[in-house]
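> Model the following, please.
(one chain, ligands or ions: 1)
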Amino acid sequence: MKRIDFLKLGGVLSGGLFGGWSLSSCNPSSNHANQQSKADAWSDVTGSMMNHAAPALPKVRVAMIGLGNRGSTLIEMLEWLVTKGHAEITVLCDVQEAHVARAAQKVAGFQATSPLLIAESSEEAWRKACNPELADLVVIATPWHWHASMAIHAMEQGLHAASEVPIAYTEEDCLALVKASERTQRHCIMLENCCYNEEELWVLNMVKQGLFGDLTHAECAYLHDLRALLLDATYYHNRWRLREHLERDGNLYTTHGLGPVCMYMDVLRGDNLSHLVSMSSNEAALSKALRESDDPELQALASQIRCGDVNTTLIRTTLGKSIMLQFDTHTGRPYSRLNKLCGTGATHYGYPSRLFLDHGPTWDWHRWEDDDSHAVAREAGVHPLWAQLQYGIEDNQQGHGGMDFVMMYRLIRCLNEGVSLDLSVYDGALWSLVGVLGEQSVAQGNQRVDIPDVSGGAWASSHEHPVFREV
Ligand SMILES: NC(=O)c1ccc[n+]([C@@H]2O[C@H](COP(=O)([O-])OP(=O)(O)OC[C@H]3O[C@@H](n4cnc5c(N)ncnc54)[C@H](O)[C@@H]3O)[C@@H](O)[C@H]2O)c1
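Residues are numbered from 1 along each chain as shown. Have a look, this model is predicted:
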């Protein structure tokens, strides 16, 4: 586990800029192991949580930790499930009293019973929320450095754990999550909502229908100009997200782009991620924004940003496919996850969606399908899940156009039915681990880093992605 060293920020940190931040908020650290001992560390993973089904929970009791921007939206995504009797929110926990009060008011709008409110400023009060007498599932929407320890503790208390992204950002935490899930036989899912977006589900469905033929390459990303939010004094609790950019260099947010691509490529369901190289550009745009802010404390941080503006990671899969993964939250440009996929039968580019259907080696100039042809393909390939859940998607547009509703629906309904979840602990650990190992590659002058098998060999058995199963 790694801690962020803020000591060198000295006076700036001890002042008001980062609120009550203390080193005790971080996890213990250790140095990066070499490639062989890394593989050894993963050698006693058994893969027992692949397609694991736990006993059915007709009504899932949910404890929610972290009620900021994301936690608030996740509560809204539970409304339909609560009103239908599939779930009940039994605990609301946050270190900020105002956030607990806001969440309680939201819940009172659609749930007859009142959750237990844990509104203590102690950063360890969340442990009380992980109580099997109170809850079956803990939903974690706190700053990144809490995710792994909260999820592991919840599992050890007998609860299933669902954490926001990334679920971990050290290799030790990725491994500890997998081992805790296998040891306790509790689900541990990373809430990767982009796997449930309409466009990504459509592309996945076309892959399943064979339209893309043999897949060869994908490009994906998290390109989101976050400068205003990173600098804002209150948007993120104690500006936790800006701190990450002061201390780390690499891809800090791999999973929105990589998750759907791993689903397209059957990663952990017949293929695996083998190795990567990662390179960061110089840093310029965030420090410029800091320099130009009217806050002297922010100006003082301008020279301390470590995270390069644009990070690019190249990944090769065991079966030879390649993935280009990018991260940039500094540059001013429109939002994109790229969502590009190439195969022998078709190519797709996202933002905006464009499709090319291959018709063999011809001399005509290659053009994207026109609007009519694109619309026909879109209609023909709509994922059954997206069609099935239209009612909830329309009523929950605030959840990233409906994908957050689909994600929460699947989580709760799978738990209700006692079937395996769409994503396992191995998916979350692997997609997060790519960020960790990418940081290592950057630190080692862009060297190749091998990606250990996080699944105990379970990846080799190919099977249809559970997201196609009706629940
Ligand atoms: N999947 C998505 O689309 C998406 C979107 C936004 C954020 N996120 C993720 O959600 C998480 C939260 O982000 P956010 O934007 O809501 O941040 P935020 O700062 O708005 O919210 C974090 C909340 O956690 C609380 N908190 C901090 N430490 C705590 C502790 N020890 N115990 C209990 N509560 C604690 C804070 O008071 C705050 O209310 C992050 O992991 C982020 O990456 C995901």
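> Please make it C-alpha for all contacts and neighbour counts, starting now.
Fine.
> Show me which residues of the chain sit near the ligand.
65-71, 93-96, 99, 123-124, 126, 141-144, 164-165, 192-193, 235-237 (Cα under 6 Å from any ligand atom).
> what about 5 Å?
When proximity is defined by Cα under 5 Å from any ligand atom, the chain lies next to the ligand at 66-70, 94-96, 123, 141-144, 164, 236-237.
> Separate out the buried members of those.
66-68, 94-96, 141-144, 164, 236-237 (16 or more other Cα atoms under 10 Å).
> mind checking the SS state of the nearest residue to residue 470 once chain neighbours are set aside?
Distance criterion Cα to Cα, 6 or more residues apart in numbering; nearest residue to residue 470, sequence neighbours excluded, is residue 385 at 7.8 Å. Put simply, residue 385 is helix when judged by DSSP: H, G, I helix; E, B strand; the rest coil.
> Does residue 385 touch residue 468 like I think?
Yes. Applying Cα atoms under 8 Å, one finds residue 385 in contact with residue 468, separated by 7.4 Å.
> Could you check how far residue 446 is from residue 312?
10 Å (Cα to Cα, to the nearest Å).
> ditto for residue 228
Relative to residue 312, and taking Cα to Cα, residue 228 is found at 23 Å.
> Give me the more crowded residue out of these two.
Between residue 228 and residue 312, residue 312 has the larger neighbour count (other Cα atoms under 10 Å), namely 20 against 13.
> Please enumerate the helices of the stretch 251-400 of the chain.
Along the stretch 251-400 of the chain, counting by DSSP state H, counting those that start in this stretch, helices occupy 255-264, 285-291, 296-301, 371-380, 384-388, 390-395.
> Need the winner for burial among these.
For the helices of the stretch 251-400 of the chain, the largest average neighbour count (mean count of other Cα atoms under 10 Å) is found in helix 255-264, namely a mean of 25.
> Using PDB, write out every CA atom in that helix.
Extracted in PDB, the C-alpha atoms of helix 255-264 (Å, rounded to 0.1, in the frame of the first residue of the first chain):
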ATOM      1  CA  THR A 255     -11.200   2.300 -15.700                       C
ATOM      2  CA  HIS A 256     -13.900   4.300 -17.600                       C
ATOM      3  CA  GLY A 257     -12.100   3.700 -20.900                       C
ATOM      4  CA  LEU A 258     -10.500   0.400 -20.200                       C
ATOM      5  CA  GLY A 259     -13.500  -1.400 -18.700                       C
ATOM      6  CA  PRO A 260     -15.700  -1.500 -21.800                       C
ATOM      7  CA  VAL A 261     -12.700  -2.400 -24.000                       C
ATOM      8  CA  CYS A 262     -11.900  -5.400 -21.800                       C
ATOM      9  CA  MET A 263     -15.500  -6.500 -22.200                       C
ATOM     10  CA  TYR A 264     -15.200  -6.200 -26.000                       C
END
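> List of residues touching it?
With contact meaning Cα atoms under 8 Å, 6 or more residues apart in numbering, helix 255-264 is reached by 165-166, 192-195, 200, 203-204, 207, 218, 220-222, 325, 337-339, 341, 427, 431-432, 465.
> Which strand or helix spans residue 409?
helix 403-417 (DSSP states H and E).
> what comes into contact with stretch 280-293?
Outside stretch 280-293, the residues touching it (Cα under 8 Å, 6+ apart) are 227, 231, 249-250, 298-303, 305-312, 330-331, 442.
> pLDDT score for the residue in the stretch 351-471 of the chain positioned nearest to the ligand?
As assessed by Cα to the nearest ligand atom, the ligand sits closest to residue 400 within the stretch 351-471 of the chain, at 7.2 Å. On pLDDT, residue 400 comes in at 94.
> now do residue 19
58.
> Now residue 341. Nearest residue, chain neighbours left out?
residue 218 (4.3 Å).
> in whichever strand or helix holds the one you found, what counts as buried?
For residue 218, the host element (DSSP H and E) is strand 215-223. Buried residues in strand 215-223, counting neighbours by 16+ other Cα under 10 Å, are found at 215, 216, 217, 218, 219, 220, 221, 222, 223.
> Rebuild those as a markdown table, extending it with pLDDT and distance to residue 415.
Putting the buried residues of strand 215-223 into a markdown table (pLDDT from 0 to 100; distance: Cα to Cα, whole Å) gives the following:
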| residue | pLDDT | distance to residue 415 |
| --- | --- | --- |
| 215 | 98 | 32 |
| 216 | 98 | 35 |
| 217 | 99 | 34 |
| 218 | 99 | 32 |
| 219 | 98 | 33 |
| 220 | 98 | 30 |
| 221 | 98 | 30 |
| 222 | 98 | 30 |
| 223 | 98 | 33 |
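> between these, which is nearest the ligand?
Among the buried residues of strand 215-223, and counting by Cα to the nearest ligand atom, the member closest to the ligand is residue 222, at 10.9 Å.
> so what's that closest one bridging to?
Beta-bridge pairing of residue 222 under DSSP bridges involves residue 327.
> what residues are up against it?
Taking Cα under 8 Å, 6+ apart, we find residue 222 in contact with 253, 254, 256, 257, 326, 327, 328, 329, 335, 336, 337.
> what about the fifth one, how many residues close to it?
With neighbours defined by other Cα under 10 Å, the count for residue 326 comes to 26.
> ok so, going back, which neighbours do residue 446 and residue 312 have in common?
With Cα under 8 Å, 6+ apart as the test, residue 446 and residue 312 both reach 278, 279.
> any weak-confidence spans in the stretch 1-150 of the chain?
Applying pLDDT under 70 to the stretch 1-150 of the chain flags residues 1-34.
> Grab the nearest non-local neighbour of residue 448.
residue 277 is the one closest to residue 448 (Cα to Cα, 6+ apart), at 4.8 Å.
> And the one you found, how far from the ligand?
Distance from residue 277 to the ligand, counting by Cα to the nearest ligand atom, to the nearest Å: 24 Å.
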